[in-house]
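J.: here's a sequence, model it:
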Amino acid sequence: MRRISLSLFIALAIIISACSAQAIPAINATTTAPSIAVTDTQVDVPTTTSIPPSPSETQPVVLATETPTEISSPEATITATPAGSVSGNTNPCNKLLQTISGGKPAKIKIENNSGSPITVSLFLNTTPFGDCGYRGYALGKYGSILITDLIQACYNINVLIDNPKKQTKAFGYGCINNPDKWSFIVSKDSVSLQGR
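T.: Sure thing, here's the model as predicted:
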């Protein structure tokens, strides 16, 4: 009987010592992160937001006087960046085209006659004012977009035609030299520029 009570006593002592509360260490300002354990909680961590640099006095800024881009098709969307960007590229024109320093205004329409949704990259070649860069647009089947905040200049256009059976690419180039409406027309395998 003594043997059972001694075994029972030892088992109870082990269970009680395993279940006893452990002291919680105090956290003070000098405690370092590796010594603090956080479990099953979500901590709100403040994030830093970088403030964009203000334009320098050497870079003129053009204020828009009209709606910069008119979307003439509800299927057209504007994308801010291309699908893949190359890091470490030092080409000054490999950037999103946001403002134009100077030049005569132009109206550029992109028409999708390919019968499939398309993704367009429109590249402005370097102007006498030093402006260059790209813009991206996505258009649905037979969609179009009218761009009114670009200038008379030369443009390259690269198009990904998202045909579900076979994706293809089409390329075009053209220089716009008057304020009339110009159209880049995308077909199944080519891009043409038509002036009016």
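J.: residue 121 bridge partners, please.
T.: When bridges are called by DSSP bridges, residue 121 pairs up with residue 136, residue 158.
J.: same question, residue 106
T.: Partner residues in beta bridges with residue 106: residue 150, with DSSP bridges as the criterion.
J.: quick check: the gap between it and residue 91.
T.: When Cβ to Cβ, to the nearest Å is the yardstick, residue 106 and residue 91 sit 24 Å from each other. (C-beta placed from N, C-alpha, C; glycine too.)
J.: the chain: strands as residue ranges?
T.: Taking DSSP state E to define them, one finds strands in the chain at 69-70, 77-79, 105-112, 118-124, 133-139, 144-151, 154-161, 168-175, 181-186, 191-195.
J.: now these in JSON lines, with mean neighbour count and distance to residue 98?
T.: Below are those laid out as JSON lines (neighbours: other Cβ atoms under 10 Å; distance: least, Cβ to Cβ, whole Å):
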{"stretch": "strand 69-70", "mean neighbour count": "15", "distance to residue 98": "12"}
{"stretch": "strand 77-79", "mean neighbour count": "14", "distance to residue 98": "12"}
{"stretch": "strand 105-112", "mean neighbour count": "21", "distance to residue 98": "16"}
{"stretch": "strand 118-124", "mean neighbour count": "21", "distance to residue 98": "11"}
{"stretch": "strand 133-139", "mean neighbour count": "20", "distance to residue 98": "8"}
{"stretch": "strand 144-151", "mean neighbour count": "20", "distance to residue 98": "10"}
{"stretch": "strand 154-161", "mean neighbour count": "19", "distance to residue 98": "16"}
{"stretch": "strand 168-175", "mean neighbour count": "15", "distance to residue 98": "22"}
{"stretch": "strand 181-186", "mean neighbour count": "20", "distance to residue 98": "20"}
{"stretch": "strand 191-195", "mean neighbour count": "15", "distance to residue 98": "24"}
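J.: contacting residues for residue 98?
T.: With contacts defined as Cβ atoms under 8 Å, 6 or more residues apart in numbering, residue 98 is in contact with residue 133.
J.: what does it show for phi and psi?
T.: As for residue 98, its main-chain torsions (degrees, to the nearest 10) stand at phi -110, psi -50.
J.: per-residue pLDDT, it?
T.: According to the prediction, residue 98 has pLDDT 88.
J.: and residue 21, by the same measure?
T.: At residue 21, the model reports a pLDDT of 52.
J.: got it, and the one 5 residues further on?
T.: On the pLDDT scale, residue 26 is placed at 52.
J.: ditto for residue 4
T.: As summarised for this prediction, residue 4 has a pLDDT of 57.
J.: what's the spacing between the residue nearest to residue 117 when sequence neighbours are not counted and residue 144?
T.: Setting aside the residues directly before and after it, residue 117 is nearest to residue 162 in space (Cβ to Cβ, 6 or more residues apart in numbering), at 4.7 Å. Taking Cβ to Cβ as the measure, residue 162 falls 16 Å from residue 144.
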